[in-house]
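Novice: give me a model of this one.
(one chain, ligands or ions: 1)
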Amino acid sequence: MTAEASLRQHDAVVTRLRHFLDALASAAPDEQSGERLRHDLARWTEDLRRYAVPESRRYYGRSPTLASAGQATTPWYVVDEATPPERLAGRASFGTFFLGGRGAAHGGTIPLLFDELFGWLANSEGMPPSRTAYLTTNYRAVVGIGRPLTFTAWTDRVEGRKRFLRAELRDGDTVCAEADALFVTLRPGQP
Ligand SMILES: CCCCCCCCCC(=O)SCCNC(=O)CCNC(=O)[C@H](O)C(C)(C)COP(=O)(O)OP(=O)(O)OC[C@H]1O[C@@H](n2cnc3c(N)ncnc32)[C@H](O)[C@@H]1OP(=O)(O)O
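Specialist: Numbers count the residues shown, from 1 in each chain. Just a heads-up that it's a prediction; the model follows:
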């Protein structure tokens, strides 16, 4: 199979996996179905272990075409406007898999989304690689599961190796969460 075909197949599996995780999080299967599911998952886990490859040959989380770069355990997002490294904007939604409680997204999954967006912005093409030094999230209103959301992330200022970034997640006019972060450009030899 060509690399392109492998990537396409991987994308289709990850899309299915995202739907599976939401369905799993929503379901209370009966005993027989639960046992069948456990059996099928165990079988696939063993099968996949036979195909393990080094990080440089993996597709997971690097899809150029899928939402969330194909990270099924990151809330769904797509970038609609990007002027890297200054700004990006787009849409996001938290599926049932990301439920914390009472219809709201788990608090830990919101900085996960922000870190993804900041990583996208700070490591866009032509930028030297950088990593999150800190990321602070301010939870202003609950993020409802399944709600159509919008986000904006932007570079606030750059001081030498330090990039100060900010972002906002909205449900309509309501600001649900804000974040500010510091990304530090890696020195040669830093992992
Ligand atoms: C290859 C990249 C691929 C990236 C993919 C996308 C990444 C998405 C983002 C991530 O999630 S990365 C994973 C989470 N982050 C980490 O695992 C980072 C772990 N920490 C580190 O590796 C180092 O601490 C770090 C590279 C961030 C900084 O270490 P350095 O030794 O290079 O920093 P240094 O001590 O030289 O500090 C440089 C400047 O940053 C400042 N600084 C560093 N860490 C800080 C901090 N935590 N808070 C405030 N300031 C900080 C520090 O004070 C200093 O300021 P000044 O230049 O003004 O003196």
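Novice: use CA for all of it now, contacts and neighbours both
Specialist: Will do.
Novice: can you count the residues close to R102?
Specialist: 9 (other Cα atoms under 10 Å).
Novice: what's the spacing between it and the ligand?
Specialist: As judged by Cα to the nearest ligand atom, to the nearest Å, R102 and the ligand stand 28 Å apart.
Novice: P128 now?
Specialist: Counting by Cα to the nearest ligand atom, the gap from P128 to the ligand is 8 Å.
Novice: how about the secondary structure of R147?
Specialist: Of the three states, R147 takes coil according to DSSP: H, G, I helix; E, B strand; the rest coil.
Novice: next, the contact list for the nearest residue to it once chain neighbours are set aside, please.
Specialist: Distances taken as Cα to Cα, 6 or more residues apart in numbering place S93 nearest to R147, at 5.9 Å, with adjacent residues excluded. Applying Cα atoms under 8 Å, 6 or more residues apart in numbering to S93 gives the contacts 75-77, 145-149.
Novice: try 7 Å
Specialist: Contacts for S93 (Cα atoms under 7 Å, 6 or more residues apart in numbering) come out as 75-77, 146-149.
Novice: what subset of those is buried?
Specialist: 75-77, 146, 149 (16 or more other Cα atoms under 10 Å).
Novice: residues of this structure that sit close to the ligand?
Specialist: 115-116, 119, 129-134, 162, 184, 186-187 (Cα under 6 Å from any ligand atom).
Novice: biggest separation within the buried ones among the contacts of S93, which pair?
Specialist: The two members of the buried ones among the contacts of S93 with the most space between them (Cα to Cα) are Y77 and G146, at 12.1 Å.
Novice: which of the residues of the chain next to the ligand count as buried?
Specialist: Buried among these (16+ other Cα under 10 Å): 115-116, 119, 129-132, 162, 184.
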